[in-house]
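Chemist: I would like the atomic coordinates for the input below:
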Amino acid sequence: MREGPKKPACFGCPDDLRYSDPIPKKNMGVMMHMGERFCTGGKKARRFKRSDPKITVPGWCPRRKNPCELRIYAIKNAGEWWLYNSLKHDLGRTPSPDGFRYALTQELPTELSPREFWKRLECEPYQDVLGVSLEPYSVVEIDDGLKPAFFFYVDGGFTLLYSFNTDRARKNKKEE
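Modeler: Residues are numbered from 1 along each chain as shown. I've put the predicted structure just below:
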């Protein structure tokens, strides 16, 4: 199976807190004791239980979006499309997409997480998985609230992108 998006982890999250003070104290609405781990993402801190996953994000994470957001970005105009094709021909490979060449074309909710989307692409056509058809060189973003995943549709298949400038792409307007 192809390497796909990883399960998100709490480590590195600004809301992940391991209380290390030997003196217990009440903070953010809960009593904190040394060695306990808390999520401070909501109004009230929440202590991790023994049954919660040790590395990956638990289902109750306040940052998690349910359902996930699906966004589709396409090349914004015909001139950019021709430039992209020329670059592909001259370089002999497909260049990585840049946000300034793209515009947001669709935004809708999806029940699929990035990992589930990637796994279903192994055995199903993307039209059945997404419910929409894509233009060549489109970028699909699935945002679960924790870490968005980007998939680049090129040559009839998908590759995983590690970054994409969504802020710049959302400022652009799609021209016909």
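Chemist: okay but residue 120 is in contact with residue 142, surely?
Modeler: No. At 11.7 Å, residue 120 and residue 142 do not qualify as touching, with contact defined as CB atoms under 8 Å. Where you see a C-beta, it was placed from the backbone N, CA and C, and this is true even at glycine.
Chemist: Give me the more crowded residue out of these two.
Modeler: The residue with more neighbours, out of residue 120 and residue 142, is residue 142; 23 against 15, by other CB atoms under 10 Å.
Chemist: what's near enough to touch residue 12?
Modeler: Residues near residue 12 by CB atoms under 8 Å, 6 or more residues apart in numbering: none.
Chemist: Without its sequence neighbours, what residue ends up closest to residue 48?
Modeler: Counting by CB to CB, 6 or more residues apart in numbering, residue 48 lies nearest to residue 37, which is 4.4 Å off, once chain neighbours are set aside.
Chemist: Give the bridge partners for the one you found, please.
Modeler: Beta bridges link residue 37 to residue 18 when assigned by DSSP bridges.
Chemist: For residue 86, see how far away it is.
Modeler: Applying CB to CB, to the nearest Å, the value for residue 37 to residue 86 is 53 Å.
Chemist: same question, residue 137
Modeler: 13 Å.
Chemist: do residue 70 as well
Modeler: Residue 70 sits 30 Å away from residue 86, taking CB to CB as the criterion.
Chemist: partner residues bridging the closest residue to residue 134 other than its chain neighbours?
Modeler: Spatially, and ignoring its direct neighbours in sequence, residue 134 is nearest to residue 153 (4.9 Å; CB to CB, 6+ apart). For residue 153, the beta-bridge partners under DSSP bridges are residue 138, residue 158.
Chemist: for the chain, what helix or strand is lowest in average pLDDT?
Modeler: Ranked by mean pLDDT, DSSP states H and E, the weakest helix or strand in the chain is helix 78-91, scoring a mean of 84.
Chemist: What pLDDT is listed against the residue lying closest to residue 10 once chain neighbours are set aside?
Modeler: Using CB to CB, 6+ apart and skipping the chain neighbours, the partner closest in space to residue 10 is residue 16 (4.6 Å). Listed pLDDT for residue 16 reads 91.
Chemist: Check what pLDDT the residue nearest to the spatial centre of the chain gets.
Modeler: Centroid-nearest residue in the chain, with CA atoms, centre = their mean: residue 148, separated by 1.2 Å. With respect to pLDDT, residue 148 scores 90.
Chemist: Kind regards, and thank you for your time.
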